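Undergrad: Could you work out the structure for the sequence below:
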Amino acid sequence: MHAVQNVFGGAADNYDAARPGYHEGLVGEVLRYAGPGHRTAVEVGAGTGKATVLFAAAGVEMTCVEPDPKMAQLLRANAPEVSVEVCAFEDWSPGDRPRDMLLAATSWHWTDPVRRWDLAAAALNPDGIVAIFWNPVGVIDPALHADLARVNPRDTDLASGFGVRAGDWDEAYGMWPEAELEKDPRFGDVTTVRFREEISYATADYLKLLDSTSTYRLLDPAEREKALAAVGDIVDRHGGVIHLALFTDVCLARKARPTFGPG
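TA: Reported below is the predicted structural model:
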């Protein structure tokens, strides 16, 4: 698990430059759900700080756990006001300072499925919350999508294939945490939210985005170069720009207060 978490270091610069951010409504939604006074957070797998900078700007005291040293270096440059610990979430401990919030931005699927909810519960104050979110994208132009899907089935979804329900992209992946949270008695008040906006990439920037994804990072370098070149040729033939629907899907849950029987 730890080795796979570190696949992004080789493309840290592309990750920082090309990965999309999160909808401007994300932080407000999370803080409204959390309630007054919730201003400390641990962020799991913070990467280069795509979400970190938004929460830090809102006055949240952030502890960022990031296993890859190269990603952590950029994180520190992007968000010098936050605390960064270079380790896997499974190796991190809140010590005697449980936090008000646990955040995970496109990273929760990299954590150990056997231990992660135990660790999440231990990381939180009695009234703490978890906010786990992803930012999938869909190609808006059906013709461009069809051409890309022939050579790039890995990271090519059609925007119109997304519905209104947060996490509806996840049926084939098993990453969306809603069902796990619903079954875990340590958490309650499970809520999901979807935001949508549109973004565009020129060919070179879109290739940087793909190069920063785990799907491409796990390929043999020669195979990765060939796959990216094929995608670039297609986007160029469609005018050199790709228009995408960017979704920010959020799953929220509140730590349940323990109940005590009579006696």
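
Undergrad: Could you use CA atoms for every contact and neighbour count after this?
TA: OK.

Undergrad: Can you give me the buried ones in stretch 142-157?
TA: Within stretch 142-157, the residues that qualify as buried by neighbour count (16 or more other CA atoms under 10 Å) are 144-146, 148-149, 152, 156-157.

Undergrad: Tell me which residues are up against that stretch.
TA: 137-139, 158, 210, 215, 227, 230-231, 234-235, 238 (CA atoms under 8 Å, 6 or more residues apart in numbering).

Undergrad: Show me the strands in this protein, by range?
TA: 40-44, 61-65, 83-85, 99-105, 124-134, 137-139, 187-202, 241-255 (DSSP state E).

Undergrad: Select, out of those strands, the one closest to E180.
TA: strand 187-202 (9.7 Å; CA to CA).

Undergrad: Quick one: list the elements packing against that closest one.
TA: helix 178-183, strand 241-255 (3 or more CA pairs under 8 Å, 6 or more residues apart in numbering; DSSP states H and E).

Undergrad: same thing but at 6 Å, please
TA: Counting contacts by 3 or more CA pairs under 6 Å, 6 or more residues apart in numbering; DSSP states H and E, strand 187-202 packs against strand 241-255.

Undergrad: Tabulate the strands of the chain (JSON lines), appending mean pLDDT, distance to H23 and mean neighbour count.
TA: Output for the strands of the chain, formatted as JSON lines (pLDDT from 0 to 100; distance: least, CA to CA, whole Å; neighbours: other CA atoms under 10 Å):
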{"stretch": "strand 40-44", "mean pLDDT": "98", "distance to H23": "17", "mean neighbour count": "26"}
{"stretch": "strand 61-65", "mean pLDDT": "98", "distance to H23": "19", "mean neighbour count": "23"}
{"stretch": "strand 83-85", "mean pLDDT": "98", "distance to H23": "23", "mean neighbour count": "17"}
{"stretch": "strand 99-105", "mean pLDDT": "98", "distance to H23": "12", "mean neighbour count": "25"}
{"stretch": "strand 124-134", "mean pLDDT": "97", "distance to H23": "11", "mean neighbour count": "23"}
{"stretch": "strand 137-139", "mean pLDDT": "96", "distance to H23": "12", "mean neighbour count": "23"}
{"stretch": "strand 187-202", "mean pLDDT": "98", "distance to H23": "7", "mean neighbour count": "16"}
{"stretch": "strand 241-255", "mean pLDDT": "98", "distance to H23": "6", "mean neighbour count": "22"}
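
Undergrad: what comes up buried for stretch 32-39?
TA: 33-34, 38-39.

Undergrad: repeat for stretch 74-86
TA: Buried, per 16+ other CA under 10 Å, within stretch 74-86: 74-76, 78-79, 82, 84-86.

Undergrad: measure that stretch end to end?
TA: 12 Å (CA to CA, to the nearest Å).

Undergrad: Likewise for stretch 47-54?
TA: 13 Å.

Undergrad: go on, stretch 44-63?
TA: 9 Å.

Undergrad: Could you check that stretch and say which residues are buried?
TA: Applying 16+ other CA under 10 Å to stretch 44-63 flags 44-56, 60-63 as buried.

Undergrad: gap between it and the chain center?
TA: 12 Å (CA atoms, centre = their mean, to the nearest Å).

Undergrad: contacting residues around that stretch?
TA: With CA atoms under 6 Å, 6 or more residues apart in numbering as the test, stretch 44-63 has contacts from 16, 21, 39-42, 64-66, 71, 74-75, 79, 82-84, 104, 107.
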